Every structure is written in C-alpha cells, then in structure tokens.
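A.B. asks: Structure, please.
(2 chains)
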Amino acid sequence: MLMPPSAAVRLSVADMEAILTVTRALSAPFDLHDMLSTVTAAARRVLHAERASVWLLDAPAGMLWLEVSSDLPRIQLPLGAGLVGACARDRCTVNVPDCYADPRFNPAVDRESGFRTRCSLTLPLVDHQDNLIGVMQVLNRVGGAFDSADEALAEALAAQCAVALARVRLTESLIAAELMRQEVELASQLQRSTLPKQMPVLPGYDMHGVFQPAALTGGDTYDLALLDQRLLIVLGDATGHGIGPALSVTRMHAMLRMALRLGADLETAFRQVNDQLSEVLPDGHFVTAFVGLLDPATHGLRFLSGGQGPILHLQAADGACTAYRATSFPLGAMPIQVLRPAVDLTLAPGDWLLLLSDGVYEYEDPDGLQFGRDRVARVACDCRHGTAAAMAQALLSSLHGFARGAPQQDDITLVLLHRRPDAGSDALVVTKPSHDIATMAG
Amino acid sequence: MDMTVSELDGPLTCARLQGRLDAAGADRVGVRFTAAVAAQARDAVIDLSGVSFVASMGLRLLISTARSLSLKGHRMVLFGANGDVQGVLEDAALDQIMPVASTEAEALAVLAA
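C.D. replies: Sure thing, here's the model as predicted:
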C-alpha cells in the first residue's frame, strides 16, 4: 500500500503493524464480521481515535447499516441523514472538528449511548467499479481534531476496507452459489434413490425407464417393481424445483409401496397416499402421479391417475393410440371426497403402455412450440415393432431434433411397457434403465 | 398473459385471463392472481375465454388458488374454456377440484346453487 508522504512520516511501528494486519486480512479467508473488526481496530489505532465504525450501504433500501462498532448495537440510517449519510450522499471525506457545531450532526446516538462526540472524520468506501458500498467513520482523535495527515491515512485505510468488503461480498455470493449447487445435488440424489436399479424381469413383457433431470432438478420419479405377482407401475411429478419436490416424490413413493406391500388394494393405497400427502405437503405443493398394477396372467392393467395425463395405450393391431385422462386431481392437492373408479384395460399381444412426464409433452422448441401428444403418438406408432429401449431412444432423438438446441426446462421421464407380440419372444433379457445425468440440450 | 379483475354482485371476484397460461404466463400473473383471488374471503369465477393454451404450470396455479379458497370455505368456478383448454383441464381431472362451466351465467348459477 502506498502511503502519502505526510502520513508515511508519522507512521509508528505500531501503526504500520495495524495497517499490515488489514492488508494481510485481504488475502486470507474471512467473514464480514471479522474483517470489519480488523479494519475498525486498525482505524482506531492508526488514527488515534476513541471509536471507529463501518456503515454498509443497502442501495435498494437507501439505508446505511452499522455493522461493526466497538460497543454500539446495530443501527440504521437513511441516506443523507447525519454526517454519515451526508458523506454517503456526497461521496466525499467529511472532517468535522466540532460535531455539535455542525448542523448535519445527529446527537441522538450520543444521547442513547452516553458517548460524547467531539470531532469526527467520515470517509466513503468505494469499490473497484466506483460503486459506493459503505462509509467508515472515526470519532474523537486523542489530543485534538483530525488533520489533513489523518485524512490521507484514513483514505488509504478506507481504500483497503473497500477492497476487503467487495471480496467478502464476492465470497458470500460464491458460498450461496455453492450451497445452491449442494442442494440441487442432494435433491438429485434423493430423486435417484427412488428409481429402480434394474428393470424387473416379467416373462412376455419388455419395459424401459428413462430419467433425464433438468439442470435445476424437477420432481419426477418412476417405479417399475414386482409386488405379489403383479407389476407396479408409477410415474410421478411433484410441483416445483429443488429439494422440496424431491422430498415430496420420495414420500409419495415410500407411502405407496408400503401401502401396497401391506395388502392395500389400488384404490385404498391411492386414497391413503393422497390424504396423507394433503396433510403433510406445504400449500401449493402436490404430486401428479399415475399408479397402475398389471396382472401378467390376464394382461389386465388397472390404474388410477392423479392429474397425470395423457396416458397412452398403443394398440399393435392397427397402430391406434388411445389417450386416457387422469382419474382424479393431483395427489396431495386436497383430501379425496369421492374417488372415481379405476380404469381397466387389457394389453393385447404387441400393445404398449406409454407414460411420459410433462417435460416431454411441454418441451418447447426455439419458437415456443411444444412437442405435444401427436408427435409422441407418431414416433411410438413407427417404433411399435421394436424393443422398449429402442422406442425410448427414438422418442428422445425425435425430441432432441425438435428442440433444435432449446434448453431443457423440466425433468424428462419415460416409462414404456410392451407386451411382447408372441410367446416365442419371451426370452428373459435383463435391461438397465437409462438414468442419464446429461440433459437434452443446453 | 394478462389479467383483469373485477367485483361482481355477491360479492364475488371475477378474474379474466388473457393469453397463454404456460410457465411464463403463470409466472407473470401468478402473484397478482393469487392476491386477487386466493387472498380474498369470497367465491370467485375465472374467465378462461381469452386463454389460448394451458400447460402444467398454469394448472398448478389454478389448483393451488382453488385449494387456498377452499380452505377458507369458498369456491372457484372456471368458465369459457375453448376446446383445447377444456381438454387439458379434463386430462388433469381439474373438474374434481373446481367446477368447470361453459358460460359466465352458468358459472354464476353454480355458485348460487
């Protein structure tokens, strides 16, 4: 740090040490409170002042906050009020030898604290981008008033303080970004913990699950699991992004499996999960969910869907795609008064059940056009003679081509179930689901 | 997405939505819609005749608002949805949370019943 000549002459060894302490603090990790304590202690010592304080600017509020003072509680001042406010407003050093004779001085703080202010030196703190970030003030020079040499010394200290303050704020924003990253990572791990590690093996059927989370993690989940000779099929999507929805779908997932394992029928499990979620989820949070049970002996699929739709049944015979609507509102939105009957359908040889989250249907191209149901049905119809993994790949490729680089805004989840067309193709093949970390684009 | 709010005899709140009720639209009117409809202790009718499109975030705004009103003992009725919008409302079974009427007169009749 370069000292003005007049100040350099007066620097004692102790003064030098105090200034070096501040300089050293700039290169070390620190928090705001420690940094301000260091600066104000140095200011008191170097400028032989009884008190020193640093006020921080809250620009949007037009207020100055006193963050550190040796013995004053935290207080605030409007911009322009008192000597500190005047210094902030005019962005220049204010040296007042007799405060009580200056009309800008506000004696209220003295009255509260019992301290008697004689003289003061107040300096603006300006960062490297020429933005005002606060004000430094020292009170009562021992043995007289502050002179021009003190001003030069104080300005050098204020410059150091401004740099340190800017660095603390940058560190704080980096820490906030890191916490956000950790939350997203945790939410992502939670979501993944609910996904099947391996596709269940069910003779006569081929199935495939895909999960591609959006950058900020939505609230999708899916499940394919064998429970008592039946296949449980779930696709869920909780409102919002981050840790909240990840917790909501994890809860829904656990409650559902537990209820079904304890012998509840589809309707009872669905109602129980809904009513419990409506008690525990915060306002405005709910989960859209398809819950189905397939009996592989009869090929009958029975399902309820809370707000999750369309549910596509692709018929092998003619390539027609029937879209079913949700049977009730999203899970957790409110207790169910009257549960509409479950839907029963039969999967004929070669038929498909296609469950896709709204991250697929509502994926927008650069012109704001959505991928939509018709495109899904067309691709599915074209690929209906292949494997479930191949159909998933074709749907994702089509979506990718449609997006033309537009970023993925929501989780993408696909659950595809295919009844093999003939008994001869019942060879057991264990397939791995696709839980890709990579997003569609962007 | 635009919104106008008026008070009808009853008294009840009438919010008329205009444009695309997708993620961006729901984001734009969300706070105002919630304040105008959900924060009031009275029934509401929502005019969707100017809404060309509804996506999941739009549905979520309607559901959370209806739920808040229901917790206060009041109801919200939708009306005027075009064919596509009506299809989306039915796909998500929204009619089980809030009545969906064809016209404003029908919506008012639902509340009067």
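A.B. asks: need the residues of the stretch 101-250 of chain A near chain B, please.
C.D. replies: Taking CB under 8 Å from any CB of the partner chain as the criterion, the stretch 101-250 of chain A approaches chain B at residues A:Asp237, A:Thr239. For every residue, glycine as well, the C-beta is placed using N, CA and C.
A.B. asks: in the stretch 101-250 of chain A, which spans are helices?
C.D. replies: A:108-113, A:148-193, A:243-261 (DSSP state H, counting those that start in this stretch).
A.B. asks: What of chain B?
C.D. replies: For chain B, helices defined by DSSP state H occupy the ranges B:23-33, B:56-71, B:83-91, B:104-112.
A.B. asks: which one of the ones you listed is the most hemmed in?
C.D. replies: helix B:56-71 (a mean of 22; mean count of other CB atoms under 10 Å in any protein chain shown).
A.B. asks: would you turn the helices of chain B into TSV with mean pLDDT and distance to A:Asp318?
C.D. replies: Formatted as TSV, the helices of chain B follow (pLDDT from 0 to 100; distance: least, CB to CB, whole Å):
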stretch	mean pLDDT	distance to A:Asp318
helix B:23-33	88	36
helix B:56-71	88	30
helix B:83-91	89	23
helix B:104-112	94	39
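A.B. asks: would you turn these into JSON lines with distance to A:Arg181?
C.D. replies: Formatted as JSON lines, the helices of chain B follow (distance: least, CB to CB, whole Å):
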{"stretch": "helix B:23-33", "distance to A:Arg181": "23"}
{"stretch": "helix B:56-71", "distance to A:Arg181": "24"}
{"stretch": "helix B:83-91", "distance to A:Arg181": "35"}
{"stretch": "helix B:104-112", "distance to A:Arg181": "47"}
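A.B. asks: still on that earlier bit, need the helices of the stretch 101-250 of chain A in JSON lines with mean pLDDT and mean neighbour count, can you?
C.D. replies: Shown next, in JSON lines, are the helices of the stretch 101-250 of chain A (pLDDT from 0 to 100; neighbours: other CB atoms under 10 Å in any protein chain shown):
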{"stretch": "helix A:108-113", "mean pLDDT": "80", "mean neighbour count": "13"}
{"stretch": "helix A:148-193", "mean pLDDT": "81", "mean neighbour count": "16"}
{"stretch": "helix A:243-261", "mean pLDDT": "82", "mean neighbour count": "20"}
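A.B. asks: could the ones you listed go into CSV alongside distance to A:His285?
C.D. replies: As requested, the helices of the stretch 101-250 of chain A are exported to CSV (distance: least, CB to CB, whole Å):
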stretch, distance to A:His285
helix A:108-113, 46
helix A:148-193, 14
helix A:243-261, 6
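A.B. asks: which one of these lies closest to B:Ser6?
C.D. replies: helix A:243-261 (34.5 Å; CB to CB).
A.B. asks: same for whichever helix or strand comes after the closest one, what does it pack against?
C.D. replies: As assigned by DSSP states H and E, the chain's next helix or strand after helix A:243-261 is helix A:266-280. Judged by 3 or more CB pairs under 8 Å, 6 or more residues apart in numbering or on different chains; DSSP states H and E, helix A:266-280 is in contact with helix A:243-261, strand A:287-295, strand A:300-306.
A.B. asks: if you set the cut-off to 6 Å instead, what comes out?
C.D. replies: Packing partners of helix A:266-280 (3 or more CB pairs under 6 Å, 6 or more residues apart in numbering or on different chains; DSSP states H and E): helix A:243-261.
A.B. asks: what sits up against the helix it packs on?
C.D. replies: Residues outside helix A:243-261 that contact it (CB atoms under 6 Å, 6 or more residues apart in numbering or on different chains) are A:183, A:187, A:190-191, A:194, A:219, A:221, A:227, A:236, A:238, A:269, A:272-273, A:281, A:285, A:287.
A.B. asks: for the helices of chain B, which one sits closest to A:Glu178?
C.D. replies: A:Glu178 lies closest, by CB to CB, to one member of the helices of chain B: helix B:23-33, at 26.4 Å.
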